[in-house]
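Asks: need a structure here:
(one chain, ligands or ions: 1)
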Amino acid sequence: MTIFPKNFLWGASTSSHQVEGNNYNNWSEWEKENAEKLARNSRNQYSWVPAKDFFRDQMESPQNYISGIACDHYNRYEEDFDILKKLGLNSYRFSIEWSRIEPEEGKFDQKELEHYKKVVAALRSRGIEPLPTLWHWTMPIWLRDKGGILAKDFPVLFANYSKIVVAHLKNDATKWITLNEPNIIAALSYLEGRWPPQGKSVLLYIRAIHKLISAHKKSFLEIKKIDSNIQVGIAHAMTYFEAFDKNPITIIHKILADWSWNRYFLNRISKYQDFIGLNFYSRNRIIGLKRWRNENKLTSDMGWELYPKGIYYVLKELDGYKKPIYITENGLADSQDRNRAWYIKEILKNLEQAISEDVDVRGYLYWSLLDNFEWADGYWPRFGLVEIDRKTLERKIRPSAFEFAELIKYYNQKASSSSQ
Ligand code: FCB
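Replies: Numbers count the residues shown, from 1 in each chain. You can find the predicted model right below:
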């Protein structure tokens, strides 16, 4: 009988800019400059989103696109960790905000380092394993002004920042994620022109990817110097590319998509990682040269197809790396909480299947613990296990979160009865 391994990490994820509130970084400044425009363009931007009418008012309000106070998680983290505990979760992924730690180049803010030490201690005191991410996309203004990811010394600056943070927290966290989804940030910021600094060039995209590869490697080496037992990896976004016919063009397209999107980064850092963090959301269908996300069958509020089987296929693809795998993100925007419980349950069945075929999956962290700021989409997409009232910031645990908690109990019981 397949079971989730003992000590399996059951958790939820967030990132600093999306939940903390009152950040001052490249994103907060970009939001202010672009909120009006994003609101104005929302009809076009979301024309294909099935739930667009339901969210129209929010999509058309500039306020939706300003992160502002977010979830005020910076101050309310204890309350949020009590929720984790209540749900029986034993791990939490969050990110350290670079702009808080190094507000000026080379000047590190001790108070902010202490803040994250308290965050980690608050998790540990509740028996929750911290999985910190060093960089979940936002950066200090001085670094933006130097050219951001493309700045000549970005890798060195990132490695140095990593060293300071990890040295400070080394006794409290043993698993570190350097970068979140380098492929996504490079594509949306330098290829598709949707995120700051809105570049639109294949060349810039490739340069960004290579800067990030170098940044990860340097950071990995710095962390290992501090303590070689610390486990280091990235959180990597993968899509399940499915060939929808046997046409050679379709097949070649799929091979190239798998290689460039799913494997290129991992291949380049394969000797510089102890585990793989997998972020999985959706499937892409391929026919000939065409590729598209869904047929608007069963989708999230954002129109992303809900295809739980996809996680099984990408896990099989990752198996070749022979590293422990943590699902560092998986979830859906579902403001009415209609599909969330079903989706999680189906995802877990697929994890079980992968584990039964010896794929080394060691954790599942749902995205996200809280409804939060979904980048250029703002606040209307609701990913949380916990609903946030945008006016009062009151937290309300969604029914699906309790169902997730029940599933965890069930799997834990199964694990302990089989080890007796
Ligand atoms: C991922 C991001 C995360 C969140 C989810 C929905 O690509 O890492 O911050 O926005 O998507």
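
Asks: Skipping its backbone neighbours, what lies nearest Q273 in space?
Replies: G233 (4.7 Å; Cβ to Cβ, 6 or more residues apart in numbering). Placement of C-beta: from N, CA and C, glycine included.

Asks: Check the secondary structure at the one you found for me.
Replies: Put simply, G233 is strand when judged by DSSP: H, G, I helix; E, B strand; the rest coil.

Asks: is it true that it touches L278?
Replies: No - look at G233 against L278 with Cβ atoms under 8 Å: they stay out of range, at 9.8 Å.

Asks: So which of the two has more stuff around it?
Replies: The residue with more neighbours, out of G233 and L278, is G233; 27 against 24, by other Cβ atoms under 10 Å.

Asks: who's that one bridged to?
Replies: I177 (DSSP bridges).

Asks: And it, what's its pLDDT?
Replies: For G233, the model assigns a pLDDT of 98.

Asks: so who does it touch?
Replies: With contact set as Cβ atoms under 8 Å, 6 or more residues apart in numbering, G233 has these partners: K175, W176, I177, T178, Q273, D274, F275, I276, G277, K323, Y326.

Asks: Please repeat the previous calculation with a cut-off of 7 Å.
Replies: I177, Q273, D274, F275, I276, G277 (Cβ atoms under 7 Å, 6 or more residues apart in numbering).

Asks: Which pLDDT value belongs to M1?
Replies: M1 is assigned 56 on the pLDDT scale.

Asks: same deal with R293?
Replies: For R293, the predicted pLDDT is 71.

Asks: Is it in contact with N284, as I believe?
Replies: Yes - counting by Cβ atoms under 7 Å, N284 is a contact partner of R293 at 6.1 Å.

Asks: which parts of the stretch 1-150 of the chain sit against the ligand?
Replies: Within the stretch 1-150 of the chain, the residues that sit near the ligand (Cβ under 6 Å from any ligand atom) are S15, Q18.

Asks: For the stretch 201-350 of the chain, give me the ranges with low pLDDT.
Replies: 294-296 (pLDDT under 70).

Asks: what comes up buried for the top helix by length along the chain?
Replies: When the chain is parsed with DSSP state H, its longest helix is helix 202-226. Neighbour counts over helix 202-226 (16 or more other Cβ atoms under 10 Å) mark 204-205, 207-220, 222-223 as buried.

Asks: Tell me the spatial nearest neighbour of Y116, not counting adjacent residues.
Replies: I96 (5.7 Å).

Asks: Likewise for L385?
Replies: L385 sits nearest to A401 (Cβ to Cβ, 6+ apart), 3.7 Å away.

Asks: Could you find the closest non-adjacent residue to D227?
Replies: Counting by Cβ to Cβ, 6+ apart, the residue nearest D227 is K170, at 5.5 Å.

Asks: Same check on H216?
Replies: H216 sits nearest to T178 (Cβ to Cβ, 6+ apart), 4.9 Å away.

Asks: Could you count how many residues lie near the nearest residue to E374 once chain neighbours are set aside?
Replies: Spatial nearest neighbour of E374, excluding adjacent residues (Cβ to Cβ, 6+ apart): P381 at 4.4 Å. P381 has 24 neighbours, counted by other Cβ under 10 Å.

Asks: P381 and the ligand: what is the separation?
Replies: To the ligand, P381 is 7 Å away according to Cβ to the nearest ligand atom, to the nearest Å.

Asks: residue contacts, that residue?
Replies: Contacts of P381 by Cβ under 7 Å, 6+ apart are D301, M302, A333, E374.

Asks: near the ligand too, which of the residues you listed?
Replies: Within the contacts of P381, those near the ligand by Cβ under 6 Å from any ligand atom are E374.

Asks: Let me know the closest of the contacts of P381 to the ligand.
Replies: E374 (5.4 Å; Cβ to the nearest ligand atom).

Asks: count of neighbours near the closest one?
Replies: 18.

Asks: go on, S201?
Replies: Neighbour tally, S201, other Cβ under 10 Å: 12.

Asks: any chance you could read off phi and psi for it?
Replies: With angles defined as degrees, to the nearest 10, S201 sits at phi -160, psi 130.

Asks: Quick check: closest non-adjacent residue to it.
Replies: Y190 (6.7 Å).

Asks: gap between the residue nearest the centre of the chain and A122?
Replies: Central residue of the chain (Cα atoms, centre = their mean): E329, 5.1 Å from the mean position. To A122, E329 is 22 Å away according to Cβ to Cβ, to the nearest Å.

Asks: who in the stretch 251-400 of the chain is up against the ligand?
Replies: Counting by Cβ under 6 Å from any ligand atom, the stretch 251-400 of the chain sits next to the ligand at N279, E329, W367, E374, W375, F383.

Asks: Now do the helices in the stretch 251-400 of the chain.
Replies: 264-268, 309-319, 340-356, 399-419 (DSSP state H, counting those that start in this stretch).

Asks: so how far is the longest helix of the chain from its chain's centroid?
Replies: Put simply, helix 202-226 sits 18 Å off its chain's centre (Cα atoms, centre = their mean, to the nearest Å).

Asks: Next, count neighbours for D360.
Replies: 18.

Asks: I'd say L89 and G11 touch.
Replies: Yes - between L89 and G11 there is a contact under Cβ under 7 Å: 5.0 Å.

Asks: residues touching E78, list them.
Replies: Per Cβ under 7 Å, 6+ apart, neighbours of E78: A122.

Asks: Wait, a helix at it?
Replies: Yes - judged by three-state DSSP, E78 forms part of a helix.

Asks: Distance of it relative to the ligand?
Replies: For E78, the distance to the ligand - Cβ to the nearest ligand atom - is 23 Å.

Asks: got a pLDDT number for the closest residue to N180 other than its chain neighbours?
Replies: Excluding the flanking residues, the one nearest N180 by Cβ to Cβ, 6+ apart is H136, at 4.2 Å. pLDDT recorded at H136 is 99.

Asks: With V49 instead?
Replies: 90.

Asks: Verify the stated contact: it with G303.
Replies: Yes - at 4.5 Å, V49 counts as touching G303 under the criterion of Cβ under 7 Å.
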